[in-house]
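**Student:** mind looking at a prediction? Sequence and model below.
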There are 2 protein chains.
Amino acid sequence: MLVLLKNRTLYMKKADINFSEPLNCPVRNILDRIGDKWSLLILLVLEQEDVLRFNEIHQSIGDISQKMLSVSLKNLEADGLVNRKVYPQIPPKVEYKLTDLGKSLIPFVNALSDWSKQHMDTILRNRTAYKKKL
Amino acid sequence: MLVLLKNRTLYMKKADINFSEPLNCPVRNILDRIGDKWSLLILLVLEQEDVLRFNEIHQSIGDISQKMLSVSLKNLEADGLVNRKVYPQIPPKVEYKLTDLGKSLIPFVNALSDWSKQHMDTILRNRTAYKKKL
DNA sequence: ACTTTGACTTACCAAAAGTAAGTAAATATA
DNA sequence: TATATTTACTTACTTTTGGTAAGTCAAAGT
């Protein structure tokens, strides 16, 4: 049986896993970084506009709080997906743009977007039918 | 400027959006469904094993709580990504498997997994370097 | 002297997720 | 006869995460 423990992807029983050996589960690894509510959305708007300031991202996404934008950008920057450039001015000016690594994730977002365009009708119909059954 | 409001993807300023017209933002639409902590992981283990019972999924993932597994499966079922088959026995037996719609999402997960295998070293190095700078 | 500007941070509150215990009904065991 | 076991959950409670609103900093404009 496939076992997807926190940092492992192994075809073995839980009992047989050597916990001291630090293998990694690749799916977990990305999901830990971009599998949240805002990261992919931020990458997407940055890709569209090339360079954006904090408030511009904030307005583009519309319903992200400043706090979460700040936290999310910091994580994306720490992972090297987004570049942060500060201009020493007052009032401050900070520009964000994708790194090459960040850009390399965009095709996935677009592919997911296409999938969504194709299948969202079906999903919404499924969900309506499901609710009726309850 | 690209605006990614809750249910919209529009190249226009926020002020110019007609809020009464119900357009949809495809990226938001999928993220609302699979952009959480567990959904993709559940789809992945189901794909590997074809059919699994509740406790088998639970053990495969390892650190999901029963509560969240229950909630997540219900959502995946409602959206038509997972099929749920109940055998009227005691003790109960319930089998889960992917629908065709659910299966069609697997290539994205695998692609992300490949990306992760390729780039996770870089990301971890980036993060280490970032921490040092602080 | 007071307001505005931009990129945040902080304190406080609400929502989501984790933990542990409980439920149901039949069969197996003591 | 009483108790334990089995499976797929649910419920009550706690912790963590996320959202809201207000505050900060320093200079330039009114």
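**Tutor:** Structure's in. What do you need?

**Student:** what's the first helix or strand after the lowest-mean-pLDDT helix or strand in chain A?
**Tutor:** In chain A, the helix or strand scored least confidently by mean pLDDT, DSSP states H and E is strand A:10-11, which has a mean of 56. Sequence-wise, the next helix or strand downstream of strand A:10-11 (DSSP states H and E) is helix A:26-34.

**Student:** tell me how far that next one lies from the chain's centre.
**Tutor:** Remark: helix A:26-34 is offset 9 Å from the chain centroid, using C-alpha atoms, centre = their mean, to the nearest Å.

**Student:** again, but for stretch A:53-67
**Tutor:** 16 Å.

**Student:** could you chop chain A up by domain?
**Tutor:** Listed domain ranges for chain A are A:1-35, A:36-133 (source: automatic domain parsing).

**Student:** flag every buried residue along stretch A:122-131.
**Tutor:** For stretch A:122-131, a neighbour-count test (16 or more other C-beta atoms under 10 Å in any protein chain shown) marks A:Ile123, A:Asn126, A:Arg127 as buried. Using the backbone N, CA and C atoms, a C-beta is placed for each residue, glycine as well.

**Student:** now the closest residue in space to A:Lys93 that isn't next to it in sequence: phi and psi?
**Tutor:** Nearest residue to A:Lys93, sequence neighbours excluded (C-beta to C-beta, 6 or more residues apart in numbering or on different chains): A:Tyr87, at 4.0 Å. With angles defined as degrees, to the nearest 10, A:Tyr87 sits at phi -100, psi 130.

**Student:** what's near enough to touch A:Tyr87?
**Tutor:** Contacts for A:Tyr87 (C-beta atoms under 8 Å, 6 or more residues apart in numbering or on different chains) come out as A:Lys93, A:Val94, A:Glu95.

**Student:** repeat that for 10 Å
**Tutor:** A:Arg53, A:Lys93, A:Val94, A:Glu95 (C-beta atoms under 10 Å, 6 or more residues apart in numbering or on different chains).

**Student:** show me what the helix or strand harbouring A:Leu124 is packed against.
**Tutor:** Assigned by DSSP H and E, A:Leu124 belongs to helix A:106-133. Here helix A:106-133 touches helix A:26-34, helix A:39-49, helix B:26-34, helix B:66-78, helix B:100-103, helix B:106-133, going by 3 or more C-beta pairs under 10 Å, 6 or more residues apart in numbering or on different chains; DSSP states H and E.

**Student:** at 6 Å what do you get?
**Tutor:** In terms of contacts (3 or more C-beta pairs under 6 Å, 6 or more residues apart in numbering or on different chains; DSSP states H and E), helix A:106-133 is packed against helix A:39-49, helix B:26-34.

**Student:** now for the ones you listed, which one comes closest to DNA strand D?
**Tutor:** Among these, helix A:39-49 comes nearest to DNA strand D, with 9.8 Å by C-beta to the nearest atom of the strand.
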